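Enquirer: Turn this into a model:
(4 chains)
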Number of protein chains: 2
Amino acid sequence: MTAATLSQPSTVPVQFTPRPARGAPATLTTACSSCHLKELCLPCGMSGPTVDRLDGLRFARRRVKAGQPLYRAGDAFQFIYAVRSGTFRSSLAAADGREQVSGFSIAGELLGLDGLAQGRHASTATALEDAEICAIPYDHLMELSTGSPDLQKAVGRLMSREIVREHGLMLLLGSMNAEERLAAFLLNVSQRMKVRGWSPSEFHLRMSRAEIGSYLGMKLETVSRTFSAFVQQGLLEVDKRHIRILDLERLARTVESRVH
Amino acid sequence: MTAATLSQPSTVPVQFTPRPARGAPATLTTACSSCHLKELCLPCGMSGPTVDRLDGLRFARRRVKAGQPLYRAGDAFQFIYAVRSGTFRSSLAAADGREQVSGFSIAGELLGLDGLAQGRHASTATALEDAEICAIPYDHLMELSTGSPDLQKAVGRLMSREIVREHGLMLLLGSMNAEERLAAFLLNVSQRMKVRGWSPSEFHLRMSRAEIGSYLGMKLETVSRTFSAFVQQGLLEVDKRHIRILDLERLARTVESRVH
DNA sequence: CGTTTCCTTGACTGCCATCAAAAGTGGTGG
DNA sequence: CCACCACTTTTGATGGCAGTCAAGGAAACG
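Expert: Sure, this is the predicted structure:
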């Protein structure tokens, strides 16, 4: 529920893209059932036979170089993308040119679902480091799921998951102060690292202070100051973008420490 | 992308509700094709034959009294709801008990899609005035759409629309000041009124200043002050919850007037 | 008619944005 | 190797917007 001028990219000159195949000219094809990321991409209770069914779906793999867009706001919606490696930043542009980061995606996560509503992507997704993705043709996925209630439900859950994710961000943006925001961000990153089998207490952030700030609704200086405050409180060790969480529990309490 | 503690209602004691049929014991059933709201509920390019197909779907109508919940966070997800009349407030609860309004729904709009991801609703929907809704069994809708690519796509678009809506709210919460927020809110209400054939320049708000503030991420006093400021600037006439927009265009410029 | 809830307005405070400067980092080419 | 540049990050000083606390009035309710 916001002014149309904010949420619609429709005022932007349409950039229809029969996109020059960025990266690989010959696209590899892969099968989901043999992918080592399958529990991450499709964790919504998809069981054996349903995953097998997914193998009817052959999709393209593509490389995206650091700084390159995977898709842009206004691009025609064709694919949903699964990140195989690397990190992406999704951002929204307001009518006046302001831009805001709306999310980060790492290996095993999906992006691009926002394009379905309008037939065009509402956001721009940019690689923060060299990355590799699976491009899943949405039409094809729909065909496959016709007649497969399981798959159909799984796709629905994927979309709903995105809605729930944004719910959390709204809570954050609407009612938290700087320390709570950054703590929530770090805990979230930590948990996603953990799910992937990487260390939940020590990781390398791929995004700048400014990008974190844009995502969390605060200025880059405030992000930096808040990192420093956490270090002083003994919660973190920070070396530029390398983070080590020293006291996860106290960090978690920070999020809920609305004094009032 | 936020801490799990924020977005998950899973820490809340499960409130499974074989809900006492609130309202009507005997549920009326209706057909979509004869509903005067059908262009509002399902505006995503659903054409004649597809709507006819919807008529295989018979669903319950239910009345909800002002102040009563339609569903609560944690309730098992069964239905998506179409508002026939009245207004609903959706709200999220953080782990520490803080609550935040995540949206308002008026006649012709859908709600409840957030429950799909977890099989339980993530938010609570409460009637702000006496209301009437259609409860559409999600399982049944899925069955119907199996074998109907059109209907399937339409459902997908509905979900995506919700994602895009939340995008707009994120932009608002992340980067606007008080005047911009309230202006964006009023413009949004105005447009939704217009779509429904009601006056876009004069309407009655069903929610309190506190609820508007919660939704926009500001305190009720600030909402009140900002209303007063708009009145002084000659943008609005305000009589409690009755609003008349005097200068829509200048109000729209307010939203984009990031001085910067 | 009393009680409660909602709204408005005022005074003060505090958090974070803004402006500014300096140090650190990485890449490029002489 | 080092000079040079562009960019990121950190830290300090200051100011403004909105939060907080408080009080009074208006409307709604039982």
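Enquirer: quick one, helices of the stretch 101-250 of chain A?
Expert: Applying DSSP state H, counting those that start in this stretch to the stretch 101-250 of chain A gives helices spanning A:138-145, A:149-175, A:178-195, A:209-216, A:220-232, A:248-256.
Enquirer: And chain B, is stretch A:195-206 touching that?
Expert: No: Stretch A:195-206 does not reach chain B (Cβ under 8 Å from any Cβ of the partner chain); its nearest approach is 10.3 Å. Any C-beta I mention is one placed from the backbone N, CA and C, and that applies to glycine too.
Enquirer: Quote the end-to-end distance of that stretch.
Expert: 18 Å (Cα to Cα, to the nearest Å).
Enquirer: Return the set of buried residues in it.
Expert: For stretch A:195-206, a neighbour-count test (16 or more other Cβ atoms under 10 Å in any protein chain shown) marks A:200, A:203, A:205, A:206 as buried.
Enquirer: just to revisit the earlier point, redo the helices of the stretch 101-250 of chain A as a markdown table? Include mean pLDDT and distance to residue B:139.
Expert: Formatted as a markdown table, those follow (pLDDT from 0 to 100; distance: least, Cβ to Cβ, whole Å):
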| stretch | mean pLDDT | distance to residue B:139 |
| --- | --- | --- |
| helix A:138-145 | 84 | 15 |
| helix A:149-175 | 85 | 9 |
| helix A:178-195 | 94 | 29 |
| helix A:209-216 | 96 | 36 |
| helix A:220-232 | 96 | 45 |
| helix A:248-256 | 90 | 36 |
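Enquirer: Out of those helices, the one nearest residue B:128 is which?
Expert: Nearest to residue B:128, of all the helices of the stretch 101-250 of chain A, is helix A:149-175, at 19.1 Å by Cβ to Cβ.
Enquirer: Show me how far that closest one is from its chain's centre.
Expert: The chain centroid and the centroid of helix A:149-175 are separated by 12 Å under Cα atoms, centre = their mean, to the nearest Å.
Enquirer: quick one: it near chain B?
Expert: Yes: applying Cβ under 8 Å from any Cβ, one finds helix A:149-175 in contact with chain B at A:149, A:152-153, A:155-157, A:159-175.
Enquirer: Tell me the residues of the stretch 151-260 of chain A that contact DNA strand C?
Expert: A:177, A:178, A:179, A:217, A:218, A:219, A:221, A:222, A:240 (Cβ under 7 Å from any atom of the strand).
Enquirer: Show me which of the residues you listed are buried.
Expert: Judged by 16+ other Cβ under 10 Å, buried ones among those: A:178, A:179, A:217, A:218, A:222.
Enquirer: State the distance from the closest residue to residue A:118 other than its chain neighbours to residue B:236.
Expert: Nearest residue to residue A:118, sequence neighbours excluded (Cβ to Cβ, 6 or more residues apart in numbering or on different chains): residue B:164, at 7.0 Å. Taking Cβ to Cβ, to the nearest Å as the measure, residue B:164 falls 28 Å from residue B:236.
Enquirer: Give me every residue in chain A that's in contact range of DNA strand D.
Expert: So chain A meets DNA strand D at A:208-210, A:220-221, A:223-225, A:227-228, A:238, A:240-241, A:260 (Cβ under 7 Å from any atom of the strand).
Enquirer: repeat that with 6 Å
Expert: Those residues of chain A that sit near DNA strand D, judged by Cβ under 6 Å from any atom of the strand, are A:208, A:209, A:210, A:220, A:221, A:224, A:225, A:227, A:228, A:238, A:240, A:241.
Enquirer: Which one of these is nearest to residue A:89?
Expert: Of all the residues of chain A next to DNA strand D, the one with the least separation from residue A:89 (Cβ to Cβ) is residue A:208, at 9.7 Å.
Enquirer: Please identify the nearest residue in space to that closest one, excluding sequence neighbours.
Expert: Excluding the flanking residues, the one nearest residue A:208 by Cβ to Cβ, 6+ apart is residue A:220, at 7.5 Å.
Enquirer: Surely the one you found touches residue A:207?
Expert: No: the pair residue A:220 / residue A:207 is not scored as a contact, 11.0 Å apart, by Cβ atoms under 8 Å.
Enquirer: Who has more neighbours out of the two?
Expert: A direct count of neighbours by other Cβ atoms under 10 Å in any protein chain shown for residue A:220 and residue A:207 places residue A:207 higher, at 18 against 14.
Enquirer: any idea of the pLDDT on that one?
Expert: Residue A:207 carries a pLDDT score of 96 in this model.
Enquirer: Quickly note the distance from the spatially closest residue to it that is not a sequence neighbour to residue B:205.
Expert: Nearest non-adjacent residue to residue A:207, counting by Cβ to Cβ, 6+ apart: residue A:128, 5.8 Å away. Residue A:128 sits 42 Å away from residue B:205, going by Cβ to Cβ.
Enquirer: before we move on, back to that, among the residues of chain A next to DNA strand D, name the buried ones.
Expert: The neighbour count (16+ other Cβ under 10 Å) marks A:209, A:227 as buried among these.
Enquirer: Make a markdown table from the residues of chain A next to DNA strand D and add distance to residue B:256 to it.
Expert: Shown next, in a markdown table, are the residues of chain A next to DNA strand D (distance: Cβ to Cβ, whole Å):
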| residue | distance to residue B:256 |
| --- | --- |
| A:208 | 26 |
| A:209 | 27 |
| A:210 | 22 |
| A:220 | 23 |
| A:221 | 25 |
| A:224 | 29 |
| A:225 | 30 |
| A:227 | 32 |
| A:228 | 35 |
| A:238 | 37 |
| A:240 | 36 |
| A:241 | 34 |
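Enquirer: what are the phi and psi angles of residue A:97?
Expert: The phi and psi values for residue A:97, taken as degrees, to the nearest 10, are phi 100, psi -20.
Enquirer: who touches it in this structure?
Expert: When the contact criterion is Cβ atoms under 8 Å, 6 or more residues apart in numbering or on different chains, residue A:97 has no partners at all.
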